[in-house]
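Novice: What would the 3D arrangement of this be:
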Amino acid sequence: MSKKIGFSRIGRIILSKEEKRYVSSPNIVIPIKRSLVNMVDFLEEFEKHPLFLISNEIFLKISFLRAKFKENGFLYTHYGMIEKFQDILEENKDIFLEDNIIALIPFNNPTTVLNREFARREVEHHIKLSQELLSKNPNLNFGITIKLFGYAELIKLYFPLIQNNPNVKILNFNDLFEYKRNFRKILQIIFETRKEVDQNLLFMISGKILPNSFPLLVYLGFDLIDSSYMLYISSKNFYDTVEHLLPIHKMQFFPCSCCACKGNLKKLASDKFSKEKVEQLALHNLITAKNQMHKIKQFIKTEDYRNFVEKSSMNDMTLLSMLKVLDHQYFEEIRYETPIMQSDKLIEIIGPTSYFRPDFQEYRKEFMNNFNPEPWTKLIILLPCSAKKPYSESQSHKKFLDVMHKFKEFPDFQEFIITSPLGVIPRQLEDIYPVNSYDISVTGEWDSEEISIAQDMLKKIIMRYDPEIPIICHFSGEAYHEIINNALSTLPHKVFFSEVFNGVSSYDSLKSFENLIIKCKDIFHRFDPKKSQYHKSWIRKFVKILDYQFGKGIGTALFSDDVKIYPNKDKTHINIRDVNSKKNIGVFIKKSGQLELSIYGSNIIKDLIKNTNFIVFDGDHINGNTLFRPGVKNFSEDLKPNKIAFIWNQTKEEIIGIARMIVGSPYIKNSSTGPIAKIYDKMKK
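Specialist: Here you go, the predicted structure:
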């Protein structure tokens, strides 16, 4: 299992250890019905689909199904009462054991009008019967169907059942989207459940689920999505385009080229009562669901999945609202579940829904918490962003740097880039994720949210500097000036604006910028004897990157006059080495924007990092390159996927390994198995 942005994750559902059969997740569950099995097109389309849902007892007994779908996995449920389900299970127990069929304990209640107390009694009765079933069949794997009838607080009743029965493998939320408009309760239920149950359990959702909601559901951590609702909408003559549900009789132009749409569906579209039309429509709608899941899996693996979630939510205001609430109200929970960086993935900003994505909020929070002014700073320079990343490789910033490099005092200048939607970027952090990976359409116009983010960050950062330090602004555009005026109008710093003619990188504009530096560079004086060892650009960057990654003061503690940097030929990796011991302190990987410390480098600062980003190993030597949950004796609460962690020996006296986290602290807390981290350096025996 590997964590992706949000709660999304890629994993494997083991169907048979002996036969090495598994199902990849996330995935959809395809319903098996007699009408579908009799269709040749259905068999050809879904013969190799990994997971099916059967609800008819006859499919447990006929040999055709297992012969035709011998490599597939099955879930079985019953749409009657749980007592009948118990009888079916007892009669077919050998089949469940031999064929690795997972039994989904049903929760079917014929009552449509419920109050809170009646709902509670129904849930308690269901839990009692489920417990009897689980206790009676300890060797069978089960899924638990969870119904809440719109009362979010009832989820707590299920937790003891889930926690006390190791043969529960799947949590099937049956009616969560029945109350879709009450999206705050949906999020409350998901987050409360995630805090209480083993993270290795599969989260499944069924009920009124359409493909347009699949991306957000996977982002929320659902591993399996039941596509049975597609059969219901087909019976009501609806055609799913993913973006919309359309009555089939209105369809004139079929956007899909599946076997149903290329076949008779178009001819049958106007027939009011046609069994074949419903069957063909069901086939199309199931194929649409399958193709949507294929898109999801592709985007999770190779693209910026969060962007796909945002785009997919645009046609449904409820989904969009849910995403916004998730970003604003649950960031502190989700930040420990989502990777701190994605390699080789461009982040395309499509609008306000992108401003508070978790990786952007993580940058702002870590930057504001861990950035300290360099004590020798004598001039602050504010610059606009550029389309090319990192900024210093853009044509405009190359010209800015050419001007600043004319001055021997250049190491005393602190540059900040003002950008949307990240806010404020110090030059030293331009190479880290997500600063090195985002793209936004540039029109020169900023909305109020963009302005607010930037001005709030800028004001808080400038307040950390001596009020006598002058500030130079080299901008064009009303938005930049509004940000500067709003942020700095109440601060004592003197602010100077360059004159801009035909763009900030024109000859006249750059000359004005240069003259302003000449005017301001000697206004403030401060001598710092330590400055010389940090004055090189990459050293300045690494000091701040280390602070950003591990906390204030780590960078200056690690770097000294004896530390040198050695980039490879194309500067994709930069090695940091102690020239006296000739040992590597760490390596900066440009692709990820991360600095990976070595065991040697970590031990230099071990007294400063003892209480952060740590795992205490249950031993003194690590075997292999993967750390698993049973080997973890203790851990800090700030671990995040893809973040670097320091592995200490069992007495916490020595760092014995450095690893990149696969999961975060909440996963470790609520699990007893599974991989935790990938080790890239360790003490030799």
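
Novice: Show me the domain layout of the protein.
Specialist: For the chain, automatic domain parsing gives the domain ranges 2-235, 371-520, 529-594, 610-685.

Novice: could you redo these as TSV and give each row distance to residue 275?
Specialist: All C-beta atoms are positioned from the backbone trio N, CA, C, and that covers glycine. Shown next, in TSV, are those (distance: least, CB to CB, whole Å):
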stretch	distance to residue 275
domain 2-235	8
domain 371-520	50
domain 529-594	56
domain 610-685	47
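
Novice: mind putting those domains in JSON lines, mean pLDDT and mean neighbour count included?
Specialist: Formatted as JSON lines, the domains of the chain follow (pLDDT from 0 to 100; neighbours: other CB atoms under 10 Å):
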{"stretch": "domain 2-235", "mean pLDDT": "89", "mean neighbour count": "18"}
{"stretch": "domain 371-520", "mean pLDDT": "95", "mean neighbour count": "18"}
{"stretch": "domain 529-594", "mean pLDDT": "86", "mean neighbour count": "17"}
{"stretch": "domain 610-685", "mean pLDDT": "94", "mean neighbour count": "17"}
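
Novice: For residue 312, which of those domains is the nearest?
Specialist: Closest to residue 312 of the domains of the chain, according to CB to CB: domain 2-235, at 4.1 Å.

Novice: any idea how far that closest one is from the chain center?
Specialist: A distance of 24 Å separates the C-alpha centroid of domain 2-235 from that of its chain, computed with CA atoms, centre = their mean, to the nearest Å.

Novice: what's the answer for stretch 592-605, then?
Specialist: With CA atoms, centre = their mean, you get 25 Å for stretch 592-605.

Novice: again with stretch 437-455
Specialist: Worked out by CA atoms, centre = their mean, stretch 437-455 lies 22 Å from the chain centre.

Novice: Next: stretch 320-330.
Specialist: 14 Å.

Novice: for stretch 573-582, same thing?
Specialist: 34 Å.

Novice: tell me the secondary structure for residue 382?
Specialist: strand (DSSP: H, G, I helix; E, B strand; the rest coil).

Novice: check contacts around it.
Specialist: By CB atoms under 8 Å, 6 or more residues apart in numbering, the contact list for residue 382 reads 415, 416, 417, 418, 458, 471, 472, 473, 474, 475, 484.

Novice: I'd like the distance between it and residue 419.
Specialist: Residue 382 is 11 Å from residue 419, where distance means CB to CB, to the nearest Å.

Novice: Repeat that for residue 673.
Specialist: Taking CB to CB as the measure, residue 673 falls 43 Å from residue 419.

Novice: Over to residue 291?
Specialist: Distance, residue 291 to residue 419, using CB to CB: 37 Å.

Novice: Kindly report the same for residue 685.
Specialist: 48 Å.

Novice: Residue 605 too?
Specialist: 31 Å.

Novice: same thing with residue 480?
Specialist: Here residue 480 is placed at a distance of 10 Å from residue 419 (CB to CB).

Novice: Overlap in contacts, these two.
Specialist: With CB under 8 Å, 6+ apart, residue 480 and residue 419 have common neighbours residue 384.

Novice: any idea which helix is longest in this structure?
Specialist: helix 275-302 (DSSP state H).

Novice: Can you give the distance of the one helix or strand residue 460 maps to from its chain's centre?
Specialist: Here residue 460, judged by DSSP states H and E, is contained in helix 448-462. Per CA atoms, centre = their mean, the displacement of helix 448-462 from the mean C-alpha position of its chain is 25 Å.

Novice: Just grab the bridge partners of the closest residue to residue 652 other than its chain neighbours for me.
Specialist: Among residues not flanking residue 652 along the chain, residue 616 sits closest, at 5.5 Å (CB to CB, 6 or more residues apart in numbering). Listed by DSSP bridges, the beta-bridge partners for residue 616 are residue 634, residue 648.

Novice: now the helices: where do they sit in the stretch 301-450 of the chain?
Specialist: 305-313, 317-329, 331-334, 358-370, 395-404, 448-462 (DSSP state H, counting those that start in this stretch).

Novice: Now do residue 189 against residue 557, distance only.
Specialist: Distance from residue 189 to residue 557, by CB to CB: 45 Å.

Novice: on that earlier part again, got the buried residues for the longest helix of the chain?
Specialist: Within helix 275-302, the residues that count as buried by 16 or more other CB atoms under 10 Å are 277-290, 292-293, 295-297, 299-300.

Novice: relative to helix 305-313, how tilted is that helix?
Specialist: 150 degrees (axes from the mean of the first three to the mean of the last three CA atoms, to 10 degrees).

Novice: Offset the numbering so it begins at 464, please.
Specialist: In the new count, where the first residue is 464, that last one comes out as helix 738-765.

Novice: how close does residue 588 get to residue 659?
Specialist: 21 Å.

Novice: I meant to write residue 554 there.
Specialist: Relative to residue 659, and taking CB to CB, residue 554 is found at 34 Å.

Novice: Mind giving me the packing neighbours of the one helix or strand residue 978 maps to?
Specialist: In the assignment (DSSP H and E), residue 978 maps to helix 970-983. Judged by 3 or more CB pairs under 8 Å, 6 or more residues apart in numbering; DSSP states H and E, helix 970-983 is in contact with strand 842-847, helix 858-867, strand 934-936, strand 958-960.

Novice: could you check the angle helix 858-867 makes with the helix or strand just after it?
Specialist: Next in sequence after helix 970-983, counting helices and strands by DSSP H and E, comes helix 1000-1013. Interaxial angle, helix 1000-1013 versus helix 858-867 (the same axes, to 10 degrees): 120 degrees.

Novice: And the contacts of helix 1000-1013?
Specialist: Against helix 1000-1013 from outside (CB under 8 Å, 6+ apart): 829-830, 833-835, 837, 874, 889-892, 894-895, 996-997, 1016-1019, 1021-1022, 1026, 1028, 1037, 1039, 1051, 1056-1058, 1068, 1072, 1075-1076, 1106-1107.

Novice: does residue 1020 really touch residue 1071, like I thought?
Specialist: Yes - the criterion here is CB atoms under 8 Å, and residue 1020 meets it with residue 1071 at 5.9 Å.

Novice: ok, residue 694 - contacts?
Specialist: Applying CB under 8 Å, 6+ apart, the residues near residue 694 are 494, 496, 745, 748, 749.

Novice: any idea which of those residues is the one closest to residue 787?
Specialist: Distances from residue 787 to those, taken by CB to CB, are shortest for residue 748, at 28.9 Å.

Novice: And stretch 1010-1018, end to end?
Specialist: 6 Å (CA to CA, to the nearest Å).

Novice: what do you get for stretch 784-798?
Specialist: 19 Å.

Novice: Confirm for me that residue 617 is in contact with residue 580.
Specialist: No - between residue 617 and residue 580 there is no contact under CB under 8 Å: 10.9 Å.

Novice: Checking residue 620 next. Helix, strand or coil?
Specialist: helix.

Novice: how far away is it from residue 662?
Specialist: With CB to CB as the criterion, residue 620 and residue 662 are 21 Å apart.

Novice: same deal with residue 774?
Specialist: 28 Å.

Novice: Could you do residue 520 as well?
Specialist: 34 Å.

Novice: next one: residue 670
Specialist: From residue 670 over to residue 662 the distance is 23 Å, taken as CB to CB.

Novice: Please apply the same query to residue 951.
Specialist: 46 Å.

Novice: Please name the residues that touch residue 1083.
Specialist: By CB under 8 Å, 6+ apart, the residues touching residue 1083 are 1112, 1113, 1117, 1119.

Novice: Out of those, which is nearest to residue 1096?
Specialist: residue 1113 (5.9 Å).

Novice: wait, that closest one sits on residue 1078?
Specialist: No - distance between residue 1113 and residue 1078: 11.0 Å, which falls outside the contact criterion (CB under 8 Å).

Novice: what phi and what psi does the backbone show at residue 949?
Specialist: phi -70, psi -40 (degrees, to the nearest 10).

Novice: Contacts only, for it.
Specialist: Counting by CB under 8 Å, 6+ apart, residue 949 touches 914, 918, 922.

Novice: Cool, thanks, talk later.
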